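**Student:** need the 3D shape of this:
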Amino acid sequence: METLTRKARGHFHASDSIFDQPGLSVRAKLAYLYLCRCSDAEEESFPSYEQIAEACAFRRTSAAKTAIKDLINAGLLIKEPRRIDHGQTDNDYIICDPPVIQKPDKPSRETATKNSKEEGAIGMKIMRATQRHLSGGQVNPLGRGLLN
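**Tutor:** Residues are numbered from 1 along each chain as shown. Alright, predicted model coming up:
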């Protein structure tokens, strides 16, 4: 059985931490993913602004240019001009992995439920103490009004 590479199976590699990059526009993230899709084994890609705009459904090539500029400024892309036939230049994009941003740990569902119950119990104690203070009477232990 022949083993297929990701590209041969229709898959491409992109770091999922691209979605955690602060201040990076949706267009820039989409352009990054498209460049990853077009990249070769050396993580180099060279589609035109027109190809990027068309593939990413940008209305204008200027949107692709802005997205590329944002990626370069964020340190996620290196743009190098390269010569092709008859002196024309094309851009070669070298894709850089985004830094991994540590997210605060989310509490487990069990911990969140426990904390919610504790907060609810504290809230009930505060409510009873407030009722007692305001009324000068005793509070029903079930929390349903005053006993006088």
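**Student:** so where do the strands sit in this structure?
**Tutor:** With DSSP state E as the criterion, the chain has strands at 44-45, 77-83, 89-95, 138-139, 146-147.
**Student:** which stretch among those is buried most, on average?
**Tutor:** The densest packing among the strands of the chain, expressed as mean neighbour count by mean count of other CB atoms under 10 Å, is seen in strand 44-45 with a mean of 18. (C-beta placed from N, C-alpha, C; glycine too.)
**Student:** which residues sit against that one?
**Tutor:** Residues from elsewhere that reach strand 44-45 (CB atoms under 8 Å, 6 or more residues apart in numbering): L35, C36, C38, S39, D92, Y93, I94, I95.
**Student:** ditto for stretch 23-38
**Tutor:** The set of residues external to stretch 23-38 that reach it, using CB under 8 Å, 6+ apart, is 12-14, 18-19, 21, 45-47, 52, 55-56, 58, 63-64, 66-68, 70-71, 74, 76-77, 93, 95.
**Student:** so what's E42 up against?
**Tutor:** E42 neighbours (CB under 8 Å, 6+ apart): I94.
**Student:** stretch 43-57: which residues count as buried?
**Tutor:** For stretch 43-57, the neighbour count (16 or more other CB atoms under 10 Å) marks E44, S45, F46, P47, Y49, I52, A53, A55, C56 as buried.
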